[in-house]
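Q: Next come a sequence and a model predicted from it.
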Amino acid sequence: MSDAKLLVKDKDIVVPGEILAVGIDYLPGAGTYRLGDDILANRLGLLMIDGKVLKTVPLSGRYLPKKYDVVIGKVIDILMSGWKLDINSAYPAVLPLKDASFSYIAKGDDLTKYFELDDYVVLKITNVTSQNLVDVTCKGPGLHKLKGGRIIYVNTHKVPRIIGKKGSMVSLIKKATDCKVIVGQNGIAWLSGEPEMEVIAVNTIKVIEDKSHISGLTEKIKEYLEKITGRKLEIPSEAELEKENLSEEHREERPREERRYERRPYERRGERRFERRDRERY
Amino acid sequence: MTRYTKRLNERGFDETRPVEAKAGVIKKADGSAFFRIGKTTAYAAVYGPRECHPKHIQDPKRGILRCNYNMMPFSAEERVRPGPSRRSKEISMVTEKALFPVVHLEDYPNAVVDVFIELTETDAGSRCAGICAASIALADAGITMKDMVAAISTGVIDHQVAVDLDGEEEHITDMDVADIPVAMVPSTEEITLLQMDGKVSKEELFKALEAVKPVLKKIAETQRKALKEKYKDWNDANITTGTTNDLIADTKTSEKVD
């Protein structure tokens, strides 16, 4: 260790151009860069020190699509063979026909039967190209069109806190208010329940967004919800959460036959049909 | 020898007017800032990165930075005719070029970052105030940038270097006045904006540029402080319960799904 010196503390707010450390013993991580011997921040964020690596966690900014993210999108256009959706980002997502529904969509079919303009849909991002072209799917557990309820916009960087560890925070809100809540990684959240409870849920989410950096937030939110709803709450245990995640609540909202197809992929069914035909022939 | 030995406004020759900055003043924008220097006030709002329209200006290699400088009708002594003018178009362009070198736009191909700068009150140095505000707003919007951009107009009045001319000094007629707006990246001391209006010798220009560097670094500090100030109340862990009216008003901003 030569004359390396750290000029900031862990969890400090850092701003672009701020010198974080001097000397080549520290390493620049995400959101930082090296200039000569110094390490500088290149975005507004919360500094995290991980051994010798300095990185910043962003606090603001628009959503950048990432593969496998579950997001909520709004249909903004209907294309020749799919839909274009706004995912609260600089780049619209395209939902191709084959990823839209488990049921067969005939050629030349009226696509508004499946998704109409201004519909909100829970989607999973299947691919993002270097030019940020986004492909999404609506086939999979928990992915579906949203009916009723309301949409709110939150800071995309606070979404992990709103969901909580293994979904502890969001399941706390669900239990306290009996609302259905879906939070997309892109900062669009959907909730549906009794009007009064919806208001409470919306405000709880706003509080979490505001206080996202405080440790032990789940405990504080529990107290907050108990005070507001007058109910006795318990922070769900890990085993409970695991069970909940397995039995994806939205799965039962889809018709039964769709679920059957999910267990039997299309290719497999084709094969089996072919085998049967073979047997009949010979 | 100079005849300008004492400034009209009683300031020191390397002293700026009082500077005030604030981040996050416009709720609906992705990032915003307020910057005031003396009687010049600039508000900047940043939107994006967002989809770029018109489509033909899209760049598949990197995002576009689009600045818009606008003086409000009531901002100057004489009413400013609303809408773009030759002057405002030029300033929008130089602002864009002053900020471009620090902003990383490679991550946002085909997208655009819009910067709107509105001046509510002007008394010389408005383009510099605009650049300062825009730079804070860009950082507030979470856009990756290697540093802030600090800007100020320096000047040479009858061979005497004076930093941050105000309207009164700019309009001196019995002496030679040169007004030199400068923008700089503090960490590398790169100059990203340099304009000049008036009469100045080469040596005096260099002297003026040398004199303005520490001033610009001080302005960059103010800008950084403004951003940190926004998160000052962070460690207040108390959750205040709003009134019922607050709660209802808040939900009105959300959207109903059919």
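A: It's in. Numbers count the residues shown, from 1 in each chain, chains lettered A, B, ... in the order given.
Q: In contact with the residue of chain B at minimum distance from chain A, which residues?
A: Nearest residue of chain B to chain A: B:Gly142, at 2.6 Å (C-beta to the nearest C-beta). Glycine gets a C-beta too; all of them are placed from N, C-alpha and C. Residues counted as contacts of B:Gly142 (C-beta atoms under 8 Å, 6 or more residues apart in numbering or on different chains) are A:Arg43, A:Leu44, A:Gly45, A:Pro58, A:Leu59, A:Ser60, A:Gly61, A:Arg62, A:His157, B:Asp30, B:Gly31.
Q: ok, 6 Å please
A: By C-beta atoms under 6 Å, 6 or more residues apart in numbering or on different chains, B:Gly142 lies in contact with A:Leu44, A:Pro58, A:Ser60, A:Gly61.
Q: Please identify the helix or strand for it.
A: Remark: B:Gly142 resides in no helix or strand, with elements defined by DSSP states H and E.
Q: what's the closest non-adjacent residue to it?
A: Using C-beta to C-beta, 6 or more residues apart in numbering or on different chains and skipping the chain neighbours, the partner closest in space to B:Gly142 is A:Gly61 (2.6 Å).
Q: ok so, going back, now, which of the contacts of B:Gly142 sits nearest chain B?
A: For those, the residue nearest chain B by C-beta to the nearest C-beta is A:Gly61; the value is 2.6 Å.
Q: Throw the contacts of B:Gly142 into JSON lines and include distance to B:Val94, thanks.
A: Formatted as JSON lines, the contacts of B:Gly142 follow (distance: C-beta to C-beta, whole Å):
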{"residue": "A:Leu44", "distance to B:Val94": "25"}
{"residue": "A:Pro58", "distance to B:Val94": "29"}
{"residue": "A:Ser60", "distance to B:Val94": "27"}
{"residue": "A:Gly61", "distance to B:Val94": "26"}
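Q: Which among the residues you listed count as buried?
A: By neighbour count, with 16 or more other C-beta atoms under 10 Å in any protein chain shown, these hold A:Leu44, A:Pro58, A:Ser60, A:Gly61 as buried.
Q: quick check, nearest of those residues to A:Glu198?
A: A:Glu198 lies nearest to A:Ser60 out of those, by C-beta to C-beta, at 26.2 Å.
Q: SS state for the closest one?
A: coil (DSSP: H, G, I helix; E, B strand; the rest coil).
Q: how about it, phi and psi?
A: Dihedral pair for A:Ser60: phi -140, psi 170, per degrees, to the nearest 10.
Q: Would you mind naming what in chain A lies close to chain B?
A: By C-beta under 6 Å from any C-beta of the partner chain, the part of chain A that sits against chain B consists of A:13, A:15-17, A:42-44, A:58, A:60-62, A:90, A:120, A:131, A:146, A:149-152, A:199, A:202-203, A:207, A:214, A:224.
Q: Select only the buried ones of the residues you listed in PyMOL?
A: In PyMOL, this line selects whichever of the residues of chain A next to chain B come out buried by 16+ other C-beta under 10 Å:
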select buried, chain A and resi 13+15+16+17+42+43+44+58+60+61+62+90+120+146+149+150+151+152+199+202+203+207+214+224
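Q: in the stretch 101-250 of chain A, which spans are helices?
A: For the stretch 101-250 of chain A, the helices defined by DSSP state H, counting those that start in this stretch occupy A:159-163, A:168-177, A:195-210, A:217-229, A:238-246.
Q: Can you pull out the low-pLDDT segments for the stretch 101-250 of chain B?
A: Along the stretch 101-250 of chain B, the parts satisfying pLDDT under 70 run over B:234-250.
Q: Helices of that one, start to end?
A: Applying DSSP H, counting those that start in this stretch to the stretch 101-250 of chain B gives helices spanning B:126-140, B:167-170, B:202-230, B:244-251.
Q: Show the backbone phi and psi for the nearest residue to B:Ala178 once chain neighbours are set aside.
A: Once flanking residues are discounted, B:Ala178 sits nearest to B:Gly198: 3.3 Å by C-beta to C-beta, 6+ apart. For B:Gly198, the backbone dihedrals are phi 130, psi -150 (criterion: degrees, to the nearest 10).
Q: Can you get me a residue count around B:Gly198?
A: When neighbours are defined as other C-beta atoms under 10 Å in any protein chain shown, B:Gly198 has 14 of them.
Q: Show the contacting residues for it.
A: B:Val177, B:Ala178, B:Asp179.
Q: and if we set it to 10 Å?
A: By C-beta atoms under 10 Å, 6 or more residues apart in numbering or on different chains, B:Gly198 lies in contact with B:Gly155, B:Val156, B:Ile157, B:Leu165, B:Glu170, B:Asp176, B:Val177, B:Ala178, B:Asp179, B:Ile180.
Q: cool, B:Val156 as well?
A: Shown in contact with B:Val156 (C-beta under 10 Å, 6+ apart): B:2, B:4, B:162, B:165, B:175-180, B:196, B:198-201, B:204-205, B:207-208, B:211.
Q: returning to that earlier point: and the helices of the stretch 101-250 of chain B, which is most packed in?
A: For the helices of the stretch 101-250 of chain B, the largest average neighbour count (mean count of other C-beta atoms under 10 Å in any protein chain shown) is found in helix B:126-140, namely a mean of 30.
Q: touching chain A at all, it?
A: Yes: using C-beta under 10 Å from any C-beta of the partner chain, helix B:126-140 reaches chain A at B:Ser135, B:Ile136, B:Leu138, B:Ala139, B:Asp140.
Q: How far off centre is that helix?
A: Centroid displacement of helix B:126-140 relative to its chain, using C-alpha atoms, centre = their mean, to the nearest Å, is 3 Å.
Q: what angle do it and helix B:202-230 make?
A: For helix B:126-140 against helix B:202-230, the angle by axes from the mean of the first three to the mean of the last three C-alpha atoms, to 10 degrees is 40 degrees.
Q: count of neighbours near A:Met80?
A: Residues contacting A:Met80 under the criterion other C-beta under 10 Å number 6.
Q: so who does the closest residue to A:Leu225 other than its chain neighbours touch?
A: Nearest non-adjacent residue to A:Leu225, counting by C-beta to C-beta, 6+ apart: A:Ala176, 4.1 Å away. Residues counted as contacts of A:Ala176 (C-beta under 10 Å, 6+ apart) are A:197, A:200-201, A:204, A:221-222, A:224-226, A:228-229, A:231, A:233.
Q: from the residues you listed, which two are the most distant?
A: The span of these, defined through C-beta to C-beta, is set by A:Met197 and A:Lys222 at 16.3 Å.
Q: just to revisit the earlier point, now list the buried members of the contacts of A:Ala176.
A: Among the contacts of A:Ala176, those classed as buried by 16+ other C-beta under 10 Å are A:Met197, A:Ile200, A:Ala201, A:Thr204, A:Ile221, A:Lys222, A:Tyr224, A:Leu225, A:Ile228, A:Thr229, A:Leu233.
Q: In a markdown table, list these along with pLDDT and distance to B:Ile131.
A: Output for the buried ones among the contacts of A:Ala176, formatted as a markdown table (pLDDT from 0 to 100; distance: C-beta to C-beta, whole Å):
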| residue | pLDDT | distance to B:Ile131 |
| --- | --- | --- |
| A:Met197 | 91 | 48 |
| A:Ile200 | 90 | 44 |
| A:Ala201 | 92 | 42 |
| A:Thr204 | 91 | 40 |
| A:Ile221 | 89 | 42 |
| A:Lys222 | 89 | 47 |
| A:Tyr224 | 88 | 43 |
| A:Leu225 | 89 | 46 |
| A:Ile228 | 84 | 46 |
| A:Thr229 | 84 | 50 |
| A:Leu233 | 81 | 51 |
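Q: nearest to chain B, of the residues you listed?
A: A:Tyr224 (5.1 Å).
Q: these two touch, right, the closest one and A:Ile205?
A: No: counting by C-beta atoms under 10 Å, A:Tyr224 does not reach A:Ile205; the two are 11.6 Å apart.
Q: pull the CA atoms of stretch A:176-183 into CSV?
A: Output in CSV follows, covering the C-alpha atoms of stretch A:176-183 (Å, rounded to 0.1, in the frame of the first residue of the first chain):
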residue,chain,number,x,y,z
ALA,A,176,-52.1,-5.7,5.0
THR,A,177,-54.3,-4.3,2.3
ASP,A,178,-55.7,-7.4,0.6
CYS,A,179,-54.6,-5.8,-2.7
LYS,A,180,-53.1,-7.6,-5.6
VAL,A,181,-49.8,-6.0,-6.3
ILE,A,182,-47.5,-6.5,-9.3
VAL,A,183,-44.3,-4.4,-9.5
